[in-house]
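[1] Dropping the sequence and predicted coords here.
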Amino acid sequence: MTVAAKVKQTIATLDGIKSTLEIYAAQCQNEEAAFIYKEGSLVVSEAANDLGKRLKTLEFEEPEYGGL
């Protein structure tokens with residue numbers, strides 16, 4: 001598995017985690033817990049965005065990794 005493929009897999013995993021946290025926040029009755037879930041979701045989203053930027057750099061530097 002190439003580095004680019006691993007990064008793409010990690011981004012997909014982070015997107016799944018973000019969605020799960022958003023579901024927990026929506027279903028939670030405790031406002032404080034819901035806030036913590038929302039904050040966690042934002043942090044995970046930022047990490048996924050940062051990795052997405054890194055992926056674009058990888059694909060630019062190594063064009064053979066593009067489209068995998």
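    Yep, it's here.
[2] Low-confidence stretches in the chain?
    The model of the chain has pLDDT under 70 over residues 65-68.
[3] swap the cut-off to 80 and go again
    Where the chain drops to pLDDT under 80, the residues are 1, 62-68.
[4] longest helix of it?
    In the chain, assigned by DSSP state H, the helix with the most residues is helix 31-61.
[5] Check the offset of it from the chain's centre.
    Centre-to-centre, helix 31-61 and its host chain are 5 Å apart (C-alpha atoms, centre = their mean, to the nearest Å).
[6] Contacts only, for residue 18.
    Going by C-beta atoms under 8 Å, 6 or more residues apart in numbering, residue 18 touches 41, 44, 45, 48. C-betas here are computed from N, CA, C, even on glycine.
[7] and if we set it to 10 Å?
    40, 41, 42, 43, 44, 45, 46, 47, 48 (C-beta atoms under 10 Å, 6 or more residues apart in numbering).
[8] Could you dump the residues you listed into JSON lines with distance to residue 58 added?
    Output for the contacts of residue 18, formatted as JSON lines (distance: C-beta to C-beta, whole Å):
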{"residue": "40", "distance to residue 58": "27"}
{"residue": "41", "distance to residue 58": "26"}
{"residue": "42", "distance to residue 58": "25"}
{"residue": "43", "distance to residue 58": "23"}
{"residue": "44", "distance to residue 58": "21"}
{"residue": "45", "distance to residue 58": "20"}
{"residue": "46", "distance to residue 58": "19"}
{"residue": "47", "distance to residue 58": "16"}
{"residue": "48", "distance to residue 58": "15"}
